[in-house]
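K.L.:
From the sequence below, what's the structure:
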Amino acid sequence: MSSPRAAAIAAATAWFDAGALLAELTRRVAFRTESQDPARAATLAAYLTEEIGPSVARCGFEWAIWPNPVPGAPPLLFAERREDDAFPTVLIYGHGDVVAGYDQQWSDGRSPWELSVADGKWYGRGTADNKGQHTINLAALGRILACRGRLGFNAKLLLEMGEEIGSPGLHLTCERRAESLSADVLIASDGPRLTAASPTIFLGSRGAFNFDLDVSLRDGAHHSGNWGGLLANPGTILANAIAAIVDARGRILVDALRPPPIPASVKAALARIEPGEPGGPAIDPDWGEPALTPAERVFGWNALEVLAFRTGNPERPVNAIPPRASAHLQLRFVAGCDWRTFVPAVRAHLDARGMTMVDVRQASMEPMEATRLDPADPWVRWASESVAATVGAPPVILPNLGGALPNDCFADVLGLPTIWVPHSYPACSQHAANEHMLCAVAREGLEIMTGLFWDLGVAGTPPRRRPVDQGRM
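P.N.:
Here you go, the predicted model:
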């Protein structure tokens with residue numbers, strides 16, 4: 001006879017196989033929630049009020065729309081199901097906004113706003129990022145309720161609609177509504193697994209800091225024959241400025257842009273990790289910080305990338321020395337770094353090399369802080385054991401995602417241990433045409449989350465961090 005836990009997972013699998021999850025996600029993909037487009041403001045709100053709110057209400061949640069504290073930014077949805085103050089409390093996060101659809105770029109006549117199925121893939125904007133992922137998690141809560149009649153824990157949901165534009169107002173919301181959002185742990189899903197075949201837990205994210213370099217020397221261009229050798233070339237100066245910051249093999253040359261040594265617990269967690277996905281690009285073995293493994297370079301170290309460089313007229317070059325040059329760079333950084341020091345450090349580094357004419361400034365994109373839960377935290381062991389009990393093998397544990405998420409709102413502002421269980425994979429075409437979710441990963445993801453939430457409702461969870469708040473929404 002199967003255990004109640006196994007029966008709940010089997011029921012969730014049967015519900016999935018009957019097409020129920022696909023039907024829910026189909027409805028949600030149809031909302032054109034492009035947060036970069038101001039004309040979609042009403043659709044962003046409708047996703048919360050017409051789709052998510054009623055859905056969680058059917059699971060016994062009370063829900064409310066929270067106005068964004070940043071004027072003009074999209075609202076957030078908060079929902080809560082409180083069963084017993086003696087139970088542990090989980091905070092679940094997701095975002096319902098997506099990047100632009102790029103409708104004309106999708107292949108085989110697909111529309112980003114109509115979910116389509118082919119070759120084991122579910123195509124549609126938001127299937128991987130993040131509608132598919134939070135749909136799986138909310139469905140798992142519903143499966144637990146259907147099988148057990150209760151969760152066995154208290155659950156809170158925070159769903160924002162501005163993650164793709166830098167999560168405006170999320171940090172401030174967590175500060176101002178910390179009591180309502182208090183919990184024992186964050187369990188959420190975003191980003192990719194290490195590989196499609198590798199159930200993964202990550203514990204934080206690298207931060208992201210974008211900055212611009214500009215060299216502007218004169219008002220107009222001048223003939224390269226008449227003035228070549230007499231006028232300083234902004235493109236040449238800027239190329240050398242970049243080379244002074246990062247070398248030809250990607251090694252960071254500014255000490256203040258480099259992280260502290262990788263902690264022993266992080267090194268141990270990364271020792272058996274091999275990044276890369278079949279069919280993806282080959283990893284360059286000599287790129288980045290020497291003496292680090294590929295896993296340490298992407299999950300335990302900083303990476304400086306040149307995202308754009310422009311001088312002259314690249315589309316139609318002319319024989320003229322350009323008057324200016326510009327570049328847009330990004331530093332992905334791990335915990336232990338302070339992004340507020342980056343611009344002053346680059347400024348001092350260039351000044352010391354006589355490049356005072358290079359302007360350095362923070363880009364308009366809001367920086368994201370780096371976070372990393374210690375892999376030895378009790379919640380990591382608990383989550384790992386739960387996933388292993390479901391899939392039959394321990395999951396991959398990453399101290400942090402290589403990309404960036406607003407995890408600092410939960411880890412730093414709310415003080416929560418953060419467990420992320422992604423349901424996507426590296427080749428999902430996130431942010432591009434033909435974004436998709438793998439049906440097999442979605443199915444396994446529902447099983448994993450059903451097991452996690454089942455285990456959260458039985459004895460054996462890590463000690464409570466803080467009392468459940470006594471206030472309401």
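
K.L.:
In contact with L452, which residues?
P.N.:
L452 is in contact with 140, 187, 383, 386-387, 390, 421, counting by Cβ atoms under 8 Å, 6 or more residues apart in numbering. All C-beta atoms are positioned from the backbone trio N, CA, C, and that covers glycine.

K.L.:
How about L307?
P.N.:
Neighbours of L307 in contact, by Cβ under 8 Å, 6+ apart: 210, 328-330.

K.L.:
Turn the contacts of L452 into TSV, including distance to A7, neighbour count and secondary structure.
P.N.:
Output for these, formatted as TSV (distance: Cβ to Cβ, whole Å; neighbours: other Cβ atoms under 10 Å; DSSP: H, G, I helix; E, B strand; the rest coil):
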residue	distance to A7	neighbour count	secondary structure
A140	15	25	helix
I187	22	24	strand
A383	21	26	helix
S386	16	25	helix
V387	18	26	helix
T390	13	21	helix
V421	21	25	coil
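
K.L.:
Where does A10 fall, secondary structure wise?
P.N.:
In the assignment (DSSP states H and E), A10 maps to helix 4-17.

K.L.:
Now do that helix: which elements does it pack against?
P.N.:
helix 131-148, helix 439-456 (3 or more Cβ pairs under 8 Å, 6 or more residues apart in numbering; DSSP states H and E).

K.L.:
Kindly format the C-alpha coordinates of stretch 278-294 as PDB.
P.N.:
Extracted as PDB, the C-alpha positions of stretch 278-294 are listed here (Å, rounded to 0.1, in the frame of the first residue of the first chain):
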ATOM      1  CA  PRO A 278      23.400  19.200 -24.400                       C
ATOM      2  CA  GLY A 279      22.900  21.200 -27.500                       C
ATOM      3  CA  GLY A 280      24.100  24.400 -25.900                       C
ATOM      4  CA  PRO A 281      27.300  26.300 -26.600                       C
ATOM      5  CA  ALA A 282      30.600  24.700 -25.600                       C
ATOM      6  CA  ILE A 283      32.200  26.200 -22.500                       C
ATOM      7  CA  ASP A 284      35.500  28.000 -23.200                       C
ATOM      8  CA  PRO A 285      38.000  26.400 -20.800                       C
ATOM      9  CA  ASP A 286      40.400  29.300 -20.700                       C
ATOM     10  CA  TRP A 287      37.900  32.100 -20.200                       C
ATOM     11  CA  GLY A 288      37.400  33.900 -16.800                       C
ATOM     12  CA  GLU A 289      39.300  33.600 -13.600                       C
ATOM     13  CA  PRO A 290      42.200  31.100 -13.800                       C
ATOM     14  CA  ALA A 291      42.400  28.100 -11.500                       C
ATOM     15  CA  LEU A 292      38.600  28.000 -11.000                       C
ATOM     16  CA  THR A 293      36.300  25.300 -12.200                       C
ATOM     17  CA  PRO A 294      33.500  26.200 -14.700                       C
END
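
K.L.:
Pull out the buried positions in that stretch.
P.N.:
288-289, 294 (16 or more other Cβ atoms under 10 Å).

K.L.:
Let me know the closest of those to T49.
P.N.:
P294 (44.7 Å; Cβ to Cβ).

K.L.:
quick one on the thing from earlier: drop anything exposed from the contacts of L307.
P.N.:
210, 328-330.

K.L.:
where does M1 land on pLDDT?
P.N.:
With respect to pLDDT, M1 has a value of 54.

K.L.:
on that earlier part again, using JSON lines, please lay out the buried residues of stretch 278-294 together with pLDDT.
P.N.:
Shown next, in JSON lines, are these (pLDDT from 0 to 100):
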{"residue": "G288", "pLDDT": "96"}
{"residue": "E289", "pLDDT": "97"}
{"residue": "P294", "pLDDT": "95"}
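
K.L.:
Adding secondary structure and distance to W63, write the residues you listed out as CSV.
P.N.:
Shown next, in CSV, are these (DSSP: H, G, I helix; E, B strand; the rest coil; distance: Cβ to Cβ, whole Å):
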residue, secondary structure, distance to W63
G288, coil, 45
E289, coil, 46
P294, helix, 43
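
K.L.:
What score does R82 have for pLDDT?
P.N.:
On the pLDDT scale, R82 gets 97.

K.L.:
Look up how far A183 lies from it.
P.N.:
Per Cβ to Cβ, to the nearest Å, R82 is found 11 Å from A183.

K.L.:
cool, and G403?
P.N.:
Taken as Cβ to Cβ, the span from G403 to A183 is 24 Å.

K.L.:
So which residue is smack in the middle of the chain?
P.N.:
L405 (3.8 Å; Cα atoms, centre = their mean).

K.L.:
Restricting to C-alpha, output the helix or strand bottoming out on mean pLDDT in the chain in PDB.
P.N.:
Every helix and strand in the chain was compared by mean pLDDT, DSSP states H and E; the lowest is helix 264-270, with a mean of 93. As requested, the backbone C-alpha atoms of helix 264-270 are provided in PDB (Å, rounded to 0.1, in the frame of the first residue of the first chain):
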ATOM      1  CA  ALA A 264      34.600  26.400   1.800                       C
ATOM      2  CA  SER A 265      30.900  25.400   2.100                       C
ATOM      3  CA  VAL A 266      30.300  26.900  -1.400                       C
ATOM      4  CA  LYS A 267      33.300  25.100  -2.900                       C
ATOM      5  CA  ALA A 268      32.100  21.800  -1.500                       C
ATOM      6  CA  ALA A 269      28.600  22.400  -2.900                       C
ATOM      7  CA  LEU A 270      30.100  23.100  -6.300                       C
END
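
K.L.:
Quick check: next helix or strand after it?
P.N.:
Past helix 264-270, the next helix or strand by DSSP H and E is helix 294-299.

K.L.:
which helices and strands sit right next to that next one?
P.N.:
helix 264-270.

K.L.:
List the contacts of the helix it packs on.
P.N.:
By Cβ under 8 Å, 6+ apart, helix 264-270 touches 262, 293, 295-296, 299-300, 372, 374-376, 397-399.

K.L.:
Same question for stretch 2-10.
P.N.:
Contacts for stretch 2-10 (Cβ under 8 Å, 6+ apart): 143-144, 147-148, 389-390, 447, 450-451, 454-455.

K.L.:
circling back: ok, and the closest non-adjacent residue to the residue nearest to the centre of the chain?
P.N.:
Spatial nearest neighbour of L405, excluding adjacent residues (Cβ to Cβ, 6 or more residues apart in numbering): S205 at 4.2 Å.

K.L.:
cool, and W379?
P.N.:
W379's closest residue in space is P417 (Cβ to Cβ, 6+ apart), at 4.4 Å.

K.L.:
Can you report how many residues neighbour that neighbour?
P.N.:
23 (other Cβ atoms under 10 Å).

K.L.:
Same check on T89?
P.N.:
T89, neighbours per other Cβ under 10 Å, totals 24.

K.L.:
Dihedrals phi and psi, it?
P.N.:
Note on T89: backbone dihedrals following degrees, to the nearest 10 are phi -120, psi 130.

K.L.:
Report the buried residues of stretch 353-370.
P.N.:
So stretch 353-370, judged by 16+ other Cβ under 10 Å, has buried residues 355, 358, 360, 367-370.

K.L.:
Return the distance of it from the chain's centre.
P.N.:
23 Å (Cα atoms, centre = their mean, to the nearest Å).

K.L.:
One more: stretch 113-126?
P.N.:
21 Å.
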